[in-house]
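Participant: fold the following for me, if possible:
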Amino acid sequence: MKSLIIAFAMYSKIPMPRVDWEKRALSWALCWFPLIGVVIGAVLYGWMALAELLRIGPALFGAVALLLPIALSGAIHLDGFCDTCDALSSHQSRERKLEILKDSHTGAFAIICCGLYLLVFFALWCEVEAAGSAALVLALGPALSRSLSGLFAVTLPNARGTGLLATFTEPMDTAKARGVLVIWVVVCAAGLLWISPVAGGAALLGAGLACLYYRVMSFRQFGGVTGDLAGFFLQTCELAMVLAVVIVQKVVAVV
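Facilitator: As a prediction, the model looks like this:
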């Protein structure tokens, strides 16, 4: 239970009781990370159902759908996205990019990229048909993105060997944690395909492309992963999944 509480206290704004961050509890905390996505997805699904029931317009629907996951996560992953954009836009050496990731100041490129990201994601939420099986697919997205992010964290080397991500991964039994997170990924992927082979398959394709980009970019630019890079991946993965669902819905409508 301590590891569950630590995971929610760290990666969400959901109120949790205070517990000691002891080594044994930390060693399992990341395995609960996908469960936060399940909770966020449930809230998101509730909003999609309510919007459908009340016939809420696309602008209000898109704005709330965009903001709910950010608000429930405390924007911790969006912060990592911004820091990563600053580092990538610097075109500096690998060591300098890692220093930029640690810098608490926000650069111009972080603000620009964040604004563009929110604008594009908002537009996608306005375009998606979030009803029926598609709504369930979209609601399962946050769980899959966190399952993949956690799996990468315990599989790929840490670029710095220190930092917040290392705090969670160093005490782990890596093999067991990897096994648990693989199960999360498989269950989420199977759930998406079971709910809707078309929309679910599109979401999986979007997530897969985000994984490929993250794997290549993190090694080429940073030599591994960090907590900020994990946040960057989570945000891009969720955008890619919604984008893929929108595209397949438009194609099916035309055909």
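Participant: in this protein, where is pLDDT below threshold?
Facilitator: Along the chain, segments meeting pLDDT under 70 span 21-27, 161-172.
Participant: can you give me the strands for it?
Facilitator: With DSSP state E as the criterion, the chain has no strands.
Participant: longest helix in it, please.
Facilitator: Across the chain, the longest stretch assigned as helix under DSSP state H is helix 227-254.
Participant: next one: that helix to chain centre, how far?
Facilitator: How far helix 227-254 lies from its chain's middle: 10 Å, per C-alpha atoms, centre = their mean, to the nearest Å.
Participant: ok, now stretch 109-117?
Facilitator: Computed by C-alpha atoms, centre = their mean, the chain-centroid distance of stretch 109-117 equals 17 Å.
Participant: in it, what's buried?
Facilitator: Residues Phe109, Ala110, Cys113, Cys114, Tyr117 are the ones in stretch 109-117 that count as buried (16 or more other C-beta atoms under 10 Å). Placement of C-beta: from N, CA and C, glycine included.
Participant: repeat that for stretch 1-16.
Facilitator: Per 16+ other C-beta under 10 Å, stretch 1-16 contains these buried residues: Lys2, Ser3, Leu4, Ile5, Ile6, Ala7, Phe8, Ala9, Met10, Tyr11, Ser12.
Participant: stretch 38-50 now?
Facilitator: Buried-residue list, stretch 38-50, by 16+ other C-beta under 10 Å: Val38, Ile40, Gly41, Val43, Leu44, Tyr45, Trp47, Met48.
Participant: count of neighbours near the spatially closest residue to Trp194 that is not a sequence neighbour?
Facilitator: Leaving aside its chain neighbours, Trp194 sits nearest to Gly200 (7.4 Å; criterion: C-beta to C-beta, 6 or more residues apart in numbering). Neighbours of Gly200 under the rule other C-beta atoms under 10 Å: 25.
Participant: now the one 4 residues further on
Facilitator: Using other C-beta under 10 Å as the criterion, Leu204 is surrounded by 18 other residues.
Participant: go on, Leu66?
Facilitator: For Leu66, using other C-beta under 10 Å, the count is 21.
Participant: and it, what is it in contact with?
Facilitator: Leu118, Phe121, Phe122, Trp125 (C-beta atoms under 8 Å, 6 or more residues apart in numbering).
Participant: how about Ser149?
Facilitator: Ser149 makes contact with Phe33, Ala230, Phe233, Leu234, Cys237 under the criterion C-beta under 8 Å, 6+ apart.
Participant: let's go with 10 Å and repeat that
Facilitator: 11, 30, 33-34, 37, 77, 80, 181, 211, 214, 225, 229-235, 237 (C-beta atoms under 10 Å, 6 or more residues apart in numbering).
Participant: same check on Gly150?
Facilitator: Gly150 neighbours (C-beta under 10 Å, 6+ apart): 7, 11, 29-34, 37, 168-169, 177-178, 180-181, 184-185, 230, 234.
Participant: can you pull out the helices in the stretch 51-200 of the chain?
Facilitator: Assigned by DSSP state H, counting those that start in this stretch, the helices in the stretch 51-200 of the chain fall at 58-72, 76-90, 94-102, 108-127, 133-155, 164-169, 174-195, 197-222.
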